[in-house]
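A.B. asks: pasting a predicted model and its sequence here:
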Amino acid sequence: MPDPILTLPQADWPYAQSLMRLALGLALGLLIGLERERRGKEAGVRTFGFIGMLGAIGGALGMAYGLAALALTGLLAVLLNLSSLRANQGTELTTSAAMLVTCMSGILCGQGHTLPPAAVMVIATALLAWKERLADFSMGLSESEVRSALLLAILAIVIYPALPTGTVGPGNLIEPRYAWVTVILIAGIGFFNYVLWKMYGTRGTELSGFFGGLINSNFTVIELSERVREVGAAFVPTAYRGILLATTAMVARNATLLLILAPQALVGALSAFGLMALVSVSLVLSSMRQRRGAPAEAAPEINLELPFSLSQALKYGAIFLVLHVVGALTQRHFGDAGFYVVSVVGGLLSSASAVAAAATLAEQGNIEPFTAGVGAVLASFTSLVFSLSFVLRTRSRPLIRTLAASMVAVGAAGLVGLLASHWAEPWVEQVIDLVRRGGA
């Protein structure tokens, strides 16, 4: 009979599950190790692979062992920095931080997590791989751009939680948090695309027109129209493609707003938005095929305003609130026709705000989702016509003629989409009801 004092405790781990956890920790360590190895760092593929497995083993054994694995990784990072300093190569702070992140992700793998540690390691590897690009971007930031980013953070993190919940005001027409979320969403989309603009620069008028259209399509059309007046007829084909891509971006942005704020409203507008974007992109591709063989043109600079500022936030908020209140009142007293009139007028001021107001009204139950989708498409129609008015100032007959015909084609495609949605509305409502019953 064995001595009970000498008998060690045993634990039976499921082999397949334990192997998968260790394999995931190893794979994530190898992922970031490959990047470090490529840059010639002393801690490379093998080191990070061992750290990933160490964290996975510690996480599987328990929290105390996980913390011990993290402490050992920190000690290894200290030794790495001492070795680097002795070789007069400076400190390895970035690699040390990557080692700690790898160990923590390995611990999560050992505890049975899969997607969170994988997402963390992909993000960490991207930060290391984009070192030069991120450094160039940060060095190129101006003080006003930093202030805009801080202001956006204050509006989202500080002011939003302080706003009252629920509806306020006469008739319970205003819901402050809904309005503020819309402001943050519209500004956030513009800010994100402004970051892309800063990182990738101006890669031709087509790319500039698309990014500009995501931020402000009317401003992009104005810039391209002014360039036509400066350069002349040689710039007309390029401006034509840039304006059409700005229109495509505007349509995609408005559809995205509906998708985020009121997905059911997008069902009634999806065919219209889809056909408008398809026709616009087809016209651009046709123009690009005709351009083949022509001499390359210099990519113009489009000087966009900052994507987010206090005045812009107030403008979006004011337009949204006015359209929201007026849209609700007109719908109550005049039905859907009154709401459609407000949507058309709102498209002249800001199609994004008009779409956001329509989506919010639908989400709150003040109007039907299909009505909100139609209003969003009408606001986009108005934005098309308004953009064309800036092109008339160029007095360039070739540009005005071709662009007017293209805008009519895009608008006609949207109208066909609306008619198709109206025809299919009963079947779509049945599908939505079935989905709701299935979810319940």
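C.D. replies: Looks like it came in fine.
A.B. asks: which residues does stretch 63-82 contact?
C.D. replies: Contact partners of stretch 63-82, identified using C-beta atoms under 8 Å, 6 or more residues apart in numbering, comprise 42-43, 51, 54-55, 57-59, 91-93, 95-96, 99-100, 102-104, 106-107, 110-111. In this view, the C-beta of every residue, glycine as well, is placed from N, C-alpha and C.
A.B. asks: actually stretch 413-429, sorry about that
C.D. replies: Under C-beta under 8 Å, 6+ apart, the answer for stretch 413-429 is 267-276, 278-279, 370, 373-374, 377, 380-381.
A.B. asks: how close does the closest residue to residue 406 other than its chain neighbours sit to residue 408?
C.D. replies: The shortest distance from residue 406 to any non-neighbouring residue, by C-beta to C-beta, 6 or more residues apart in numbering, is to residue 283 (5.1 Å). According to C-beta to C-beta, to the nearest Å, residue 283 and residue 408 sit 11 Å apart.
A.B. asks: okay, helices next: where are they in the stretch 151-300 of the chain?
C.D. replies: For the stretch 151-300 of the chain, the helices defined by DSSP state H, counting those that start in this stretch cover 160-162, 176-200, 204-231, 236-261, 263-291.
A.B. asks: circling back: residue 283 and residue 408: who's more crowded?
C.D. replies: For residue 283 versus residue 408, neighbours defined as other C-beta atoms under 10 Å are more numerous around residue 283 (23 against 12).
A.B. asks: domain-wise, how is this protein divided?
C.D. replies: Per automatic domain parsing, the structural domains of the chain span 15-129, 141-439.
A.B. asks: using TSV, please lay out those together with distance to residue 135.
C.D. replies: Below are the domains of the chain laid out as TSV (distance: least, C-beta to C-beta, whole Å):
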stretch	distance to residue 135
domain 15-129	11
domain 141-439	11
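A.B. asks: can I get these in JSON lines with mean pLDDT?
C.D. replies: As requested, the domains of the chain are exported to JSON lines (pLDDT from 0 to 100):
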{"stretch": "domain 15-129", "mean pLDDT": "90"}
{"stretch": "domain 141-439", "mean pLDDT": "74"}
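A.B. asks: would you check how far apart residue 241 and residue 209 are?
C.D. replies: Taking C-beta to C-beta, one finds residue 241 at 7 Å from residue 209.
A.B. asks: who's more crowded, the two?
C.D. replies: The neighbour count for residue 241 versus residue 209, taken as other C-beta under 10 Å, is higher for residue 209 (30 against 22).
A.B. asks: quick one: buried ones out of the contacts of stretch 63-82?
C.D. replies: Buried by 16 or more other C-beta atoms under 10 Å: 43, 51, 54-55, 57-59, 92, 95-96, 99-100, 102-104, 106-107, 110-111, out of these.
A.B. asks: so of the contacts of stretch 63-82, which ones are in helices?
C.D. replies: Among these, the ones falling in helices (DSSP state H) are 51, 54-55, 57-59, 93, 95-96, 99-100, 102-104, 106-107, 110.
A.B. asks: now the strands for the stretch 1-150 of the chain?
C.D. replies: Read by DSSP state E, counting those that start in this stretch, the stretch 1-150 of the chain holds no strands at all.
A.B. asks: residue 287: neighbouring residues, count only.
C.D. replies: Residue 287, neighbours per other C-beta under 10 Å, totals 17.
A.B. asks: surely it and residue 240 touch.
C.D. replies: Yes - under the criterion of C-beta atoms under 8 Å, residue 287 makes contact with residue 240 at 6.2 Å.
A.B. asks: using PDB, write out every CA atom in stretch 91-101.
C.D. replies: C-alpha atoms of stretch 91-101 as PDB (Å, rounded to 0.1, in the frame of the first residue of the first chain):
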ATOM      1  CA  THR A  91      15.900  49.900 -24.300                       C
ATOM      2  CA  GLU A  92      13.400  47.500 -25.800                       C
ATOM      3  CA  LEU A  93      10.300  49.000 -24.300                       C
ATOM      4  CA  THR A  94       8.000  48.100 -27.200                       C
ATOM      5  CA  THR A  95       9.200  44.500 -27.300                       C
ATOM      6  CA  SER A  96       8.900  44.300 -23.500                       C
ATOM      7  CA  ALA A  97       5.300  45.500 -23.700                       C
ATOM      8  CA  ALA A  98       4.600  43.000 -26.400                       C
ATOM      9  CA  MET A  99       5.900  40.200 -24.300                       C
ATOM     10  CA  LEU A 100       3.600  41.100 -21.400                       C
ATOM     11  CA  VAL A 101       0.600  41.400 -23.700                       C
END
